[in-house]
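1. Sequence unavailable; structure follows:
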C-alpha cells in the first residue's frame, strides 16, 4: 500500500465517522435526562410507601359465605328484621343476628329456591315464597307452609294484613287463609311489588301497573319508562319511585308527576344484564 493510499483511507474513515456522528442525536437532551433520573429516583423511593398503603387499606364491606353459616352463596332476596337480617337463597333461608341460623331443605320446609321475602311492618310477621309455589310463614319460632300457589312465587308484599303474591302466572292476594286472584292482570308474570302508603306498584314482564283504591292505572314507555319488562321497584316512603326495566332505570317524583330516566349505558357496557334490585337509604 502506497503512502497516498494510506492517506486516502485515513481521510475516508475520518469523513465517514464525522458523517455518522453528525446524524446521531441523543434520545434526550441533558436537561430532560436529568429530570427523568430525578423522577425515577422519586418513584423508587415512594414505591415502598405505596405498597404499604395498598396492603393496609381496610374495606368497609364484610363478606359472608357458606363457610360462615349462610345457607348458600347464591342469595336471591334480603329483608331486614328487628335486630336481624334474613337471606333467601337457593338452598333455604338464613338469619343473621350476630350469629347465623339456617333453615334448609333438610327440615323439609324449603324444597325449592327462596325467591322472595317480605315482612309485615305492623305485625312483624315474615313471609317467604319459593320457585315451586310454596308460601311459608315464620311464627317467631319455626317456619310453616301455609299454601301452594301452583306457580312459582317471584315477589311478595305484606301490607294491612294482606299478603300480595306475585307469581309466574298472575297476581294474588292472600286474605284470611284464602287466595284471591287479580283477574284484571290475567296470567302475566309478576316480578316486583312495592307500596307507598295505600298505593301498590306492580312490576310485570309486560308493564308497570299502579293500584290505588279500586283503580288500576298503567305506566308505559310513553310516560317515560325505559322499557316494559319491569325487574325491580324501590319506593321511597317520602320521596320518588324508582323502577328498573329492560336494563334501564327511571324515577318518578310525586310532586311533579314526571318520569325521568337515568343513564345506565356504562352499566350495560360492563355487565349487560337485567337490574334485579333497587334500594336506597
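-> Everything's here; your move. Small disclaimer: the values here were computed from a predicted structure and weren't measured.

2. contacts and neighbour counts: CA atoms only from here.
-> Noted.

3. Let me know whether residue 278 touches residue 233 as I believe.
-> Yes - in this structure, residue 278 is within contact of residue 233 by C-alpha atoms under 8 Å, at 6.2 Å.

4. Report the beta-bridge partners for residue 89.
-> Beta-bridge pairing of residue 89 under DSSP bridges involves residue 75, residue 92.

5. which SS state does residue 67 fall under?
-> Three-state call for residue 67 (DSSP: H, G, I helix; E, B strand; the rest coil): helix.

6. The closest residue to residue 244 other than its chain neighbours: what's it in contact with?
-> The shortest distance from residue 244 to any non-neighbouring residue, by C-alpha to C-alpha, 6 or more residues apart in numbering, is to residue 232 (5.1 Å). Residue 232 sits next to 191-192, 203, 243-245, 275-278 when contact means C-alpha atoms under 8 Å, 6 or more residues apart in numbering.

7. Check residue 228 too.
-> Residue 228 sits next to 204-208, 220-221, 245-246 when contact means C-alpha under 8 Å, 6+ apart.

8. dump the residue contacts of residue 231.
-> Contact criterion C-alpha under 8 Å, 6+ apart gives 191-192, 203-205, 243-246, 274-277 as the residues in contact with residue 231.

9. Could you list which of these belong to helices?
-> With DSSP state H as the criterion, helices contain none of these.

10. Are any of these buried, and if so which?
-> Among the contacts of residue 231, the ones that count as buried by 16 or more other C-alpha atoms under 10 Å are 191-192, 203-205, 243-246, 274-276.

11. Next step: these restricted to strands.
-> Within those, residues falling in strands by DSSP state E are 191-192, 203-204, 243-245.

12. Please identify which of the residues you listed is nearest to residue 176.
-> Top of the list for closeness to residue 176, among these and by C-alpha to C-alpha, is residue 192 at 22.9 Å.

13. quick one: pLDDT of that closest one?
-> The predicted local distance difference test score for residue 192 is 96.

14. is it true that it touches residue 206?
-> No - Residue 192 sits out of contact with residue 206 when judged by C-alpha under 8 Å, with a separation of 11.8 Å.

15. Tell me where the model's unsure across the stretch 151-281 of the chain.
-> Counting by pLDDT under 70, the stretch 151-281 of the chain contains low-confidence ranges at 265-273, 280-281.

16. check which helix or strand covers residue 279.
-> Assigning secondary structure by DSSP states H and E places residue 279 outside every helix and strand.

17. tell me the SS of the nearest residue to it once chain neighbours are set aside?
-> What sits nearest to residue 279 in space, not counting adjacent residues and going by C-alpha to C-alpha, 6+ apart, is residue 234, at 5.6 Å. Using three-state DSSP, the structure places residue 234 in strand.

18. now do the one 4 residues further on
-> Classification of residue 238 into helix, strand or coil gives coil, according to three-state DSSP.

19. Got the phi and psi for it?
-> Dihedral angles phi and psi of residue 238 (degrees, to the nearest 10) take the values phi -130, psi 10.

20. The closest residue to residue 247 other than its chain neighbours and residue 194, how far apart?
-> Distance criterion C-alpha to C-alpha, 6+ apart; nearest residue to residue 247, sequence neighbours excluded, is residue 274 at 4.8 Å. Residue 274 sits at a distance of 18 Å from residue 194 (criterion: C-alpha to C-alpha, to the nearest Å).

21. now the strands for the stretch 1-150 of the chain?
-> Under the criterion DSSP state E, counting those that start in this stretch, the stretch 1-150 of the chain contains strands at 75-80, 85-89, 92-96, 100-103, 114-119, 126-130, 134-138, 143-148.

22. That'll do, ta.
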